[in-house]
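In: Here is a sequence together with a model predicted from it:
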Amino acid sequence: MTLRFSVLASGSTGNAMYVETENQRLLVDAGLSGKKLEELFQKINRNPKELDGILVTHEHSDHIKGVGIFARKHHLPIYANTKTWNAMEGHLGVITNEQKFHFEVGEVKSFADLEVESFGVSHDAAEPMFYVFHHQGRKLTLATDMGYVSERIKGTICGSNMFVFESNHDINMLQMGRYPWSIKRRILSDVGHVSNEDAAMALSDVITDATSRIYLAHLSLDNNMKDLARLTVEQVLKEQDHAVNDQFDLYDTDPVEPTALTVV
């Protein structure tokens, strides 16, 4: 019995991740159209009809665009905290009471043989939170949409076997780019997004001998590039005496192509 996952899509245009064990199949966020989500599931050879539920991180459209339509089509329960429900409910269309479930910040929920731990993050949403997945001693962390990585978050995610971790922007590209200053200020703020350098510094505090893979996620289309993110994170981690490409490897995620279904 193993824990597997695929980052179906990651970036400012839409986010979704699939997690499975032998007895449970969950979708985390659905920030793309229903049609696109169906295509992504096909690419990893999985049937969304077999899903057991959708976990929502926060109400921004790049995380919930397809939640309502996917939940209705496949008769899925939706899990989110109270403030997120209040913020997103009007954007999902008709959701029956039987499909609405509450999963609060700091809670641990059991989904058959999979334990899911939620943790709050600093981001400009109602009450954003992400997840650590636990199964038979294996630990997978999903952590994006963070203005900064607090010590509390580090304590929660430390020692994960695999991380899907935000590496949103290169600071120079953002500062020199075409965004208006108000948006730049928001991204750089404590409720914005983590830069490549900040991602690497945070990761350096939570990587252990148990860590084997890090997936760099939620890259900005305008203010980052895969190669730049990977090289920056790799350089900082090596400066912090971490054995990149030896003890663990760095992987890309993509806004339109899923990562291979991987055993944690």
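Out: That came through, no problem.
In: Show which residues not belonging to the top helix by length along the chain make contact with it.
Out: Among the segments of the chain that qualify as a helix by DSSP state H, the longest is helix 226-239. By C-beta atoms under 8 Å, 6 or more residues apart in numbering, the surrounding residues in contact with helix 226-239 are 167, 170, 173, 196-197, 199-201, 203-204, 207, 214, 216, 219, 244-245, 250, 252. From N, CA and C alone the C-beta is placed, and that goes for glycine too.
In: Could you rerun that using 7 Å?
Out: With contacts defined as C-beta atoms under 7 Å, 6 or more residues apart in numbering, helix 226-239 is touched by 167, 170, 196-197, 199-201, 203-204, 216, 219, 244, 250, 252.
In: cool, and stretch 114-123?
Out: By C-beta under 7 Å, 6+ apart, stretch 114-123 touches 21, 24, 55, 58, 103, 105-109, 127-135, 145-148, 150, 153, 156, 190-191.
In: ok, so what distance separates the residue of the chain most remote from its centre from Asp170?
Out: Within the chain, Met176 marks the point farthest from the mean C-alpha position, 27.0 Å out by C-alpha atoms, centre = their mean. Distance, Met176 to Asp170, by C-beta to C-beta, to the nearest Å: 10 Å.
In: tell me the helices in this structure, going along the chain?
Out: All helices of the chain, identified by DSSP H, fall at 34-43, 61-64, 67-74, 82-88, 151-157, 171-176, 181-188, 196-206, 226-239.
In: for the ones you listed, which one sits closest to Val264?
Out: For those, distance to Val264 was read as C-beta to C-beta. The smallest value, 13.6 Å, belongs to helix 151-157.
In: Could you list every helix and strand in contact with the closest one?
Out: strand 114-120, strand 138-143, helix 196-206 (3 or more C-beta pairs under 7 Å, 6 or more residues apart in numbering; DSSP states H and E).
In: okay, and for this structure, where does confidence drop off?
Out: Applying pLDDT under 70 to the chain flags no residue at all.
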